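1. Generate a structure from the sequence data that follows.
(3 chains)
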Amino acid sequence: MTEKATIVVESGDFDKLYSALIIANGALAMGMEASMFFTFFGLLRLKKGQLDKGPLSRMHFLGLGKWMIRRRMKKANAASLERMLADFVELGGKIMACDMTMEIMGVTKEDLRDDLISDYCAVGSYIQEARGSTITLFI
Amino acid sequence: MTEKATIVVESGDFDKLYSALIIANGALAMGMEASMFFTFFGLLRLKKGQLDKGPLSRMHFLGLGKWMIRRRMKKANAASLERMLADFVELGGKIMACDMTMEIMGVTKEDLRDDLISDYCAVGSYIQEARGSTITLFI
Amino acid sequence: MTEKATIVVESGDFDKLYSALIIANGALAMGMEASMFFTFFGLLRLKKGQLDKGPLSRMHFLGLGKWMIRRRMKKANAASLERMLADFVELGGKIMACDMTMEIMGVTKEDLRDDLISDYCAVGSYIQEARGSTITLFI
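-> Residues are numbered from 1 along each chain as shown, chains lettered A, B, ... in the order given. Here you go, the predicted structure:
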């Protein structure tokens, strides 16, 4: 049976989302399966136009300007969130969107990056993925 | 052997606590066992009167008023934290309270929702639960 | 095969780092192996002089002064981060430093607590540890 990594993405923070995608793509690159369940602030990042636009605020607090961070990430060949998420889907990763969050936050499919999302579902689908996974994380 | 989910609840944020309980109750509903280990800010939420009163501040930043969030959650049939935690215990979930946090924060059993707590314990008890678990999360 | 716990330390918050080390040392004490992968704000805590100096700010919000927290932690025999990390390494725990974070943040080996770090590496090394682990956490 193929090993799997299942990650809940609850945070919308740039650094957290970045870490989630690095790990998820790393798992795929190592021959594992990978699923990401986007909920609350994580799901809001899947709204159209929110992926790489969002706040770099916490990084900013480190004393590095946004421009400096983007320049260093480019120099370090660090991909954008947009690119990493596209790679994730192309490599066979599964993106699940929490339908309860959509209802509470008043978000519709039309608001979201439907091109990337495999499934609109609830916690039962997450548990089903997670119980068969070697790596389970909440980010 | 029954599969188990073990969740450390370290955060006191409403959205994080909500996610933890949705996952924990989802695991129980799918026939798994589930344990939650409350520590630091998570444990402070188990003080009497703190469960549903606590700050909705991060949600608030989204531009939704508290009243609006509560109304939408009601419309989405989203249960209160109080109700979800009661369900969790009734369905056989185990709630562990971190005794070191109690000592550091000066919290006594009398301050806490003793009616919900199965065990006052330390990290060894958590490890014992987690090592036998399919799903392990830190929230 | 020995069981293992693998923890990503992404946060630099005092309480999160504290929880991570309590769990990691707890796993070692129970006869498990343990690995910690420090990235982003977690890695910045491994810069020389940053371990116990860092912000207690979130604790501070609870209304306890820093002096009071330190006094209570001492009374509760709660060790310092410095001491817990030294114990972790001495008991055979493995500390991995994320090299991509170093490049993005402009951090060099000379800036870091090289005496504690076992390995400077990327996500592949983390996945390799995590896929063989019973307990996987993102903190």
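2. from what I can see A:Val9 touches A:Met36, true?
-> Yes: assessed by CB atoms under 8 Å, A:Val9 is found in contact with A:Met36 at 5.6 Å. From N, CA and C alone the C-beta is placed, and that goes for glycine too.
3. what sits in contact with each of the two?
-> By CB atoms under 8 Å, 6 or more residues apart in numbering or on different chains, A:Val9 and A:Met36 have these common neighbours: A:Ala20.
4. Within range of chain C, give me the residues from chain A.
-> A:3, A:5, A:7, A:15-16, A:18-19, A:22-23, A:25-27, A:29-30, A:32, A:58, A:62, A:64, A:69, A:72-73, A:75-76, A:78, A:134-139 (CB under 8 Å from any CB of the partner chain).
5. So which of the residues you listed reach chain B?
-> When contact is defined as CB under 8 Å from any CB, the residues of chain A next to chain C meet chain B at A:Thr136, A:Leu137, A:Phe138.
6. Looking at these, which is nearest A:Val89?
-> A:Leu137 (18.8 Å; CB to CB).
7. For A:Thr134, give me phi and psi.
-> The phi and psi values for A:Thr134, taken as degrees, to the nearest 10, are phi -80, psi -40.
8. That one: what's it in contact with?
-> A:Glu3, A:Lys4, A:Ala5, A:Met32, C:Ala130, C:Arg131, C:Ser133, C:Thr136.
9. Between the residues you listed, identify the one with the most neighbours.
-> C:Ala130 (30 neighbours; other CB atoms under 10 Å in any protein chain shown).
10. Run through the residues that contact that one.
-> C:Ala130 neighbours (CB under 8 Å, 6+ apart): A:Ala5, A:Thr134, A:Ile135, C:Thr6, C:Thr136.
11. residue ranges with poor pLDDT in chain A?
-> Along chain A, segments meeting pLDDT under 70 span A:1, A:54-70, A:76-77.
12. A:Lys92: how many residues sit nearby?
-> You called it Lys, but residue A:92 is Gly. By other CB under 10 Å, neighbour count at A:Gly92 equals 9.
13. buried residues in stretch A:2-21?
-> Buried residues in stretch A:2-21, counted by 16 or more other CB atoms under 10 Å in any protein chain shown: A:3-21.
14. swap that for stretch A:81-88, please
-> A:Leu81, A:Met84, A:Leu85, A:Asp87, A:Phe88.
15. Just the residues contacting it, thanks.
-> Contacts for stretch A:81-88 (CB under 8 Å, 6+ apart): A:14, A:17-18, A:21-22, A:24-25, A:28, A:34, A:36, A:45, A:51-52, A:79, A:95, A:116.
16. now swap in stretch A:89-101 and tell me
-> Contacts for stretch A:89-101 (CB under 8 Å, 6+ apart): A:24-25, A:28-29, A:33-40, A:43, A:46, A:85, A:88, A:107, A:112, A:116-123, A:125-126, A:129, B:22, B:76, B:78.
17. Report the contact partners of the residue of chain A found nearest chain C.
-> The nearest approach of chain A to chain C comes at A:Gly26, 3.6 Å away (CB to the nearest CB). A:Gly26 makes contacts with C:Ala122, C:Val123, C:Gly124, C:Tyr126, C:Ile127, as judged by CB under 8 Å, 6+ apart.
18. if you set the cut-off to 7 Å instead, what comes out?
-> Listed by CB atoms under 7 Å, 6 or more residues apart in numbering or on different chains, the contact set of A:Gly26 reads C:Val123, C:Gly124, C:Tyr126, C:Ile127.
19. Which of the helices or strands spans it?
-> In the assignment (DSSP states H and E), A:Gly26 maps to helix A:14-29.
20. related to what we said a few turns ago, of the contacts of C:Ala130, just say which sits nearest to C:Glu103.
-> C:Thr6 (22.7 Å).
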